[in-house]
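> test case, fold it:
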Amino acid sequence: MDKEWMSKNRLSPEYDIGVESFLKFALKNVDDPDAIPCPCAKCGNIKKKNVQTIRAHLYSNGIDLTYHTWIWHGERCTSRNSMNDNVRASQGVHKTFAEEPVDIVQDVYDSYVENPNQFTKLLEDAEKPLYPGCTKFTKLSAIVKLFNLKAKYSWSDKSFTDMLLLFGEMLPDKNELPLSLYDENKSLRALGMDYEYEDFANCPPCGTSRWKVGNNSKVKADAPCWKLVDHKWPDFASEPRNLRLAISADGVNPHSLMSSAYSCWPVLMITYNLPPWLCMKRKFVMLTLLISGPRQPGNDIDVYLAPLIDDLKCLWDTGVESYDAYQEESFSLKAVLLWTINDFPAYGNMSGCVVKGYHACPICAENTYSTRLKHSRKMSYTGHRRFLPLNHPYRRQKKTFNGNQEFNPAPNPLSGHEVLERVEKISYQPGKLTKKPQSNPDDGKPCWKKNQYSLNLSIGNICMFVMFLM
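Predicted coordinates:
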């Protein structure tokens, strides 16, 4: 059928002939002539109207230009590709952009073929008012909008269910809003939104186990430090049950008062052997330490971390005899600390590196471009153009920046051996009242504040020394 009229001017004779041919086609293929899905740009086949109203809408609103295959008016889908055209056009995607887009229309059509009763209920929900007298929302539109907000702001399932219960009490009696996430999922299954492979142990396309993350996890296993462990210690990498850990520490105020002098530092451990969607869940995060007191631990956090560091070294060097209940066997469990997760001030306390003043950049160290502003008495850090490519046009600009061109190369990060050489001669004694000597008498602004070897290594540098020195 010729559909070029859809893109013609609505005042043209071609558009008039096309509208009448469409209405004749629709009347031949629908059961109720007073309940035909309206394909105008505003209704989008969701609302059903009579022939006269649809004709008026097509002239006032225009036809939906993405509606290439008239599946809601009796036209058969000749191929999956023709269904894809509707979806691609509605998403602004051309065929050359994505070869396999998500076939929403085809999924809906398949759902209709497999379960017509369920699909009929979906159409009823699309016309049913949210509550008696409501003109802005139908049951289906309210569910879809709420689901959109849930995905946009990452609401938990429990909070979403609680919100539905609260909305149900706020709305008038005899409202159609589902009162749980489970009920909402049941309403949307006809759209093909249920999970297709929920009972499969292996991925159907590639056959990979859905539960084994380890070296097959493309999300985390591609990280350079993960690959470095596999390359330098193949014995460790050959055992998929060996743990890959991360430590996160930061100060929080449990009383929610900015003026409170109380300090609380939780030290959390994350296991990256779990799937990405589970490793950061609350029930899988281990609280290893809780450092509390009237003062922040500061640079003396190593004193509190010493027992944890001993356990980590034991897990790396010798391992711990463990029992695998699934395979019913014992094995030696080892672990490696891949990295730490901190904000910048906590990073300075954990690693012993200066993070303020003239040498505040851990990468640039003594070569940090820093200037103290005379009137504001604050530090200003420039020289960022060094990290741009050598042929970048910003390097030659003067007026836009500090009046000078920048041709210096970016500094190289310190290796583990270089860090060790800098800190091994520092004499450090923990304690708030202990006078801290300078690491270098010739330099009044040292880049490192403490020697972690005096405290059996800090968490901040145990990763660095394990990865580069062993």
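> CA only for contacts and neighbour counts going forward, please
Will do.
> using PDB, write out every CA atom in stretch 350-357.
Output for stretch 350-357, consisting of C-alpha atoms alone and laid out as PDB, is shown next (Å, rounded to 0.1, in the frame of the first residue of the first chain):
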ATOM      1  CA  MET A 350      45.700   6.300  54.100                       C
ATOM      2  CA  SER A 351      48.800   6.600  51.900                       C
ATOM      3  CA  GLY A 352      50.800   9.200  53.800                       C
ATOM      4  CA  CYS A 353      51.000  11.500  50.700                       C
ATOM      5  CA  VAL A 354      50.500  15.200  51.000                       C
ATOM      6  CA  VAL A 355      47.200  16.300  49.400                       C
ATOM      7  CA  LYS A 356      47.300  20.000  50.200                       C
ATOM      8  CA  GLY A 357      49.800  22.900  50.000                       C
END
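> which parts of that stretch are buried?
Of all the residues in stretch 350-357, those buried under the rule 16 or more other C-alpha atoms under 10 Å are Met350, Ser351, Gly352, Cys353, Val354, Val355, Gly357.
> in strands only, show me these.
Cross-referencing those with the strands (criterion: DSSP state E) gives no overlap at all.
> next step: those residues restricted to helices.
Counting by DSSP state H, those place Met350, Ser351 in helices.
> so where do the helices sit in the stretch 251-400 of the chain?
Ranges of helices in the stretch 251-400 of the chain, per DSSP state H, counting those that start in this stretch, are 276-279, 301-317, 344-351.
> so, low pLDDT: which residues of the stretch 101-250 of the chain?
Regions of the stretch 101-250 of the chain meeting the criterion pLDDT under 70 cover residues 101-119, 189-219.
> all helices for it, in order.
Counting by DSSP H, counting those that start in this stretch, the stretch 101-250 of the chain has these helices, from start to end: 104-114, 116-127, 139-152, 157-170, 181-188, 224-232, 234-238.
> between these, which one is nearest to Cys361?
Distances from Cys361 to each of these were compared using C-alpha to C-alpha; the minimum, 21.8 Å, belongs to helix 224-232.
> tell me which other helices or strands the closest one touches.
helix 234-238, helix 459-469 (3 or more C-alpha pairs under 8 Å, 6 or more residues apart in numbering; DSSP states H and E).
> now do the last one, average pLDDT.
In this case it means helix 459-469. For helix 459-469, the mean pLDDT works out to 41.
> which ones are touching the closest residue to Pro294 other than its chain neighbours?
If you skip the residues right next to it in sequence, Pro294 has Tyr262 as its closest partner in space, 4.5 Å away by C-alpha to C-alpha, 6 or more residues apart in numbering. Applying C-alpha atoms under 8 Å, 6 or more residues apart in numbering, one finds that Tyr262 lies in contact with Asn253, Ser292, Gly293, Pro294, Arg295.
> the second one contacts Ala261, doesn't it?
No. Ser292 is beyond contact range of Ala261, at 11.1 Å (criterion: C-alpha atoms under 8 Å).
> now, among the contacts of Tyr262, which is nearest to Thr271?
Within the contacts of Tyr262, distances to Thr271 taken as C-alpha to C-alpha reach their minimum at Ser292, with 24.2 Å.
> ok, which of the helices of the stretch 101-250 of the chain comes nearest Thr53?
When the helices of the stretch 101-250 of the chain are ranked by proximity to Thr53, the top entry is helix 116-127, at 16.5 Å, counting by C-alpha to C-alpha.
> hmm, back to that, who has more neighbours out of Ser292 and Ala261?
Set side by side, Ser292 and Ala261 give different neighbour counts by other C-alpha atoms under 10 Å, the larger being at Ser292 (15 against 11).
> how about Thr138, nearest residue that isn't a chain neighbour?
Pro129 (4.3 Å).
> please read the previous query as pertaining to Leu243.
Distance criterion C-alpha to C-alpha, 6+ apart; nearest residue to Leu243, sequence neighbours excluded, is Ala335 at 4.4 Å.
> the one you found - how many residues pack around it?
For Ala335, the tally of surrounding residues (other C-alpha under 10 Å) stands at 22.
> ok, so of the contacts of Tyr262, who is nearest Lys121?
For those, the closest approach to Lys121 (C-alpha to C-alpha) belongs to Asn253, at 50.9 Å.
> make CSV from the helices of the stretch 251-400 of the chain and add distance to Met6 to it.
Shown next, in CSV, are those (distance: least, C-alpha to C-alpha, whole Å):
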stretch, distance to Met6
helix 276-279, 45
helix 301-317, 68
helix 344-351, 58
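> and of the ones you listed, who's closest to Ser7?
When the helices of the stretch 251-400 of the chain are compared for distance to Ser7 using C-alpha to C-alpha, the nearest one is helix 276-279, at 45.1 Å.
> identify the bridge partners of Trp339.
Beta bridges link Trp339 to Ala246, judged by DSSP bridges.
> next, count neighbours for it.
Neighbouring residues of Trp339 were enumerated by other C-alpha under 10 Å; the total is 19.
> same thing with the one 4 residues further on?
Taking other C-alpha under 10 Å as the criterion, the count of residues near Asp343 is 12.
> quick check: phi and psi at it.
For Asp343, the backbone dihedrals (degrees, to the nearest 10) come out as phi -80, psi 180.
> that one contacts Asp250, correct?
Yes. Taking contacts as C-alpha under 8 Å, Asp343 lies within contact range of Asp250: 7.4 Å.
> I figured Cys361 hits Thr368, correct?
Yes. With contact defined as C-alpha under 8 Å, Cys361 and Thr368 form a contacting pair (6.1 Å).
> quick check, nearest of the contacts of Tyr262 to Phe401?
The nearest member of the contacts of Tyr262 to Phe401, counting by C-alpha to C-alpha, is Asn253 at 40.0 Å.
> right, I'll leave it there.
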